[in-house]
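Undergrad: Kindly generate the corresponding structure for this input.
(2 chains)
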Amino acid sequence: MNILTSNGKKGLPCIPAWFLPDPISLLNMLFTWIFLSITAVSAVPVQAAETDHLSMVNCNIHEHACTRELLNSKVTLDISPKPVKAMTDLLFRLTLTGKQPAAAPYIDLGMPGMKMGPNQVSLQARSKGVYEGSGIIVRCPSGKRIWKAAVVLPGIGIAEFIFNVIY
Amino acid sequence: MSSIETLYLVFIGTGFAVGFGHCVGMCGPIVVSFSLHLESKRVLISNLLYHFGRVMTYAVLGGVVGITGSFVRVTAGIAVLQKAVMIFTGLMIVVMGLSMGGWLSLGRIFGDHYNPDGIITRGFGKMSGARSTAAYLPLGLLLGLLPCGPVYTVLITAARAGMDIQPPFKAFLTGVGLMVSFGLGTIPALLLVASLTKMNWLRSRNVIYKIGSVLMIAVGIYFVIKGIQY
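TA: Now for the predicted structure:
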């Protein structure tokens, strides 16, 4: 049984009318809950993607150089100064043992799962099997810090180094 | 065709690809916020003015980086300004979301829902309807400073080109050209996103509008938080 209150709104027995939210407040609450639900549901895959990228990290570049094996060649990448920070001038040093590339190698810098535009580091030979070049890792405003250096060795292949960068 | 002219074409293509692969996610919420606030017939011209302003800022940044040949120094110099712009953008999106949801009167500076008694409206009281469309140009100029990974990447190329090219004025023009090429390339994706808001079925549904308002507020808060952390 509904009762009419002093302001003309319908109330329920034993529940004072001022306790009942008006329809607009109810609608606002409803949309807030819908939004929170959507956010929660969409946050799960975003978090999962972040976790995936974190699991891809295969190099602790802040501590030491990292090495990959590629077709009987050993590819060692080092970046200095350490720790490796974004938006600063960095020196990339590549050391190859075994088969040497058919042309000058270079490094493609990018983020896993996010297009950042072409950012290549050209490498010049310093001595046999040793190449150096300067480059910059940029900062992503999203706050993601996992970067990939794909070392392209013409005639041999590509060695990927995935690491964290300090912002 | 010289190597620099080839680079211009490469960066138009880069802008196009990055536009669909990156900008739609990162900057899409900004253009959606503006566009949902406008009458359908004003969406295109307002967005074009916004993008023109944004590309102008890119051009200036490209020119400065080209002539100095230093990416790190220039970006370090504008870092605080970028942080402020990011926070400002977030607050603006929150205000637009509140206004679109009917919780706050924004006035006609960035929208068509004019309420002469609104607090913000009084502050911009002298802005006419025609000038409110024109307001998207300075807005684009300002938001061109938003921190952005792909923009940084192109600026690095402009800096490298600047180191190799003489005289300095030519280096300046090369930096401008590279950034304009990239900026132009990003426009189609963002215009496409903005044009989606012109769909009548979307505008006629109050429920979607309300959800959009709440999402805008959330995106604005995200921008503010990221701006503070930047």
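Undergrad: going forward, measure contacts between C-alpha atoms and count neighbours the same way
TA: Noted.
Undergrad: Spell out which parts of chain B neighbour chain A.
TA: B:14-15, B:18, B:21-22, B:72, B:75, B:147-150, B:152-154, B:156-157, B:210-211, B:214-215, B:226-227, B:230 (Cα under 8 Å from any Cα of the partner chain).
Undergrad: Just the residues you listed: which are in strands?
TA: Among the residues of chain B next to chain A, none falls in strands (DSSP state E).
Undergrad: Which of those fall within helices?
TA: Counting by DSSP state H, those place B:14-15, B:18, B:72, B:75, B:149-150, B:152-154, B:156-157, B:210-211, B:214-215, B:226-227 in helices.
Undergrad: quick one on the thing from earlier: got a quick ChimeraX command for the buried subset of the residues of chain B next to chain A?
TA: A single ChimeraX command is used to select the members of those judged buried by 16 or more other Cα atoms under 10 Å in any protein chain shown:
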select /B:14,15,18,21,22,72,75,147,148,149,150,152,153,154,156,157,210,211,214,215,226,227,230
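Undergrad: which non-adjacent residue is nearest A:A125?
TA: The shortest distance from A:A125 to any non-neighbouring residue, by Cα to Cα, 6 or more residues apart in numbering or on different chains, is to A:Y131 (4.3 Å).
Undergrad: For A:D89, give me its contacts.
TA: Residues near A:D89 by Cα atoms under 8 Å, 6 or more residues apart in numbering or on different chains: A:S134, A:G135, A:I136, B:V72.
Undergrad: let's go with 6 Å and repeat that
TA: Contact partners of A:D89, counting by Cα atoms under 6 Å, 6 or more residues apart in numbering or on different chains, are A:I136.
Undergrad: Equivalent analysis for the one 4 residues further on, please.
TA: Contact analysis of A:R93 by Cα under 6 Å, 6+ apart lists A:L77, A:D78, A:Y131, A:E132.
Undergrad: who wins for most neighbours among the residues you listed?
TA: Using other Cα atoms under 10 Å in any protein chain shown as the neighbour test, the contacts of A:R93 are led by A:L77, with 24 neighbours.
Undergrad: show me what contacts that one?
TA: Counting by Cα under 6 Å, 6+ apart, A:L77 touches A:A65, A:C66, A:R93, A:L94.
Undergrad: how about it, secondary structure?
TA: Three-state call for A:L77 (DSSP: H, G, I helix; E, B strand; the rest coil): strand.
Undergrad: go on, A:V121?
TA: strand.
Undergrad: can you pull up the bridge partners for it?
TA: Judged by DSSP bridges, the bridge partners of A:V121 are A:I107.
Undergrad: tally of neighbours for it?
TA: A:V121, neighbours per other Cα under 10 Å, totals 20.
Undergrad: B:L44 now?
TA: The number of residues packed near B:L44 is 18, by other Cα under 10 Å.
Undergrad: pLDDT weak spots in chain B?
TA: Scanning chain B with the threshold set as pLDDT under 70 gives B:1-2, B:105-131, B:200-208.
Undergrad: Helices of that one, start to end?
TA: With DSSP H as the criterion, chain B has helices at B:3-18, B:24-26, B:28-36, B:40-68, B:71-100, B:119-123, B:129-134, B:136-143, B:149-164, B:168-196, B:200-203, B:206-229.
Undergrad: how big is the angle separating the longest one from helix B:149-164?
TA: Just to be clear, that refers to helix B:71-100. Angle of helix B:71-100 versus helix B:149-164, following axes from the mean of the first three to the mean of the last three Cα atoms, to 10 degrees, is 150 degrees.
Undergrad: Mind giving me the packing neighbours of helix B:71-100?
TA: helix B:206-229 (3 or more Cα pairs under 6 Å, 6 or more residues apart in numbering or on different chains; DSSP states H and E).
Undergrad: just the second one next, same as before
TA: Other elements packing on helix B:24-26 under the criterion 3+ Cα pairs under 6 Å, 6+ apart are absent; no helix or strand qualifies.
Undergrad: Just give me how far it sits from the chain centre.
TA: Offset of helix B:24-26 from its chain centre (Cα atoms, centre = their mean, to the nearest Å): 11 Å.
Undergrad: Any buried residues in that helix, and which?
TA: Buried residues in helix B:24-26, counted by 16+ other Cα under 10 Å: B:V24.
Undergrad: what stretches of chain A score poorly on pLDDT?
TA: The model of chain A has pLDDT under 70 over residues A:1-52.
Undergrad: Show me what from it comes close to chain B.
TA: Within chain A, the positions adjacent to chain B are A:K115, A:M116, A:G117, A:N119, A:R139, A:C140 by Cα under 6 Å from any Cα of the partner chain.
Undergrad: my guess is the second one meets B:P150, correct?
TA: Translated: A:M116. Yes - using Cα atoms under 6 Å, A:M116 makes contact with B:P150 at a distance of 4.6 Å.
Undergrad: hey, where'd the helices end up in chain A?
TA: For chain A, the helices defined by DSSP H occupy A:23-56.
Undergrad: Would you map out the domains in it?
TA: With domains defined by automatic domain parsing, chain A comprises A:10-56, A:66-164.
Undergrad: Settle this for me: B:G19 is touching B:I187, isn't it.
TA: No - between B:G19 and B:I187 there is no contact under Cα under 6 Å: 7.1 Å.
Undergrad: between those two, which one's more packed in?
TA: Neighbours around B:G19 and B:I187, counted as other Cα under 10 Å, are more numerous at B:G19. The numbers are 26 against 22.
Undergrad: Not counting its neighbours along the chain, what's nearest B:S40?
TA: Using Cα to Cα, 6+ apart and skipping the chain neighbours, the partner closest in space to B:S40 is B:K198 (5.1 Å).
Undergrad: For the one you found, which phi and psi angles does the backbone take?
TA: When read as degrees, to the nearest 10, the backbone of B:K198 gives phi -80, psi -10.
Undergrad: give me the number of residues near it?
TA: 19.
Undergrad: Could you double-check that it sits in contact with B:E39?
TA: No - with contact defined as Cα under 6 Å, B:K198 does not reach B:E39; the gap is 8.1 Å.
Undergrad: Excluding chain neighbours, what is closest to B:L173?
TA: Leaving aside its sequence neighbours, B:L173 sits nearest to B:G63 (Cα to Cα, 6+ apart; 6.1 Å).
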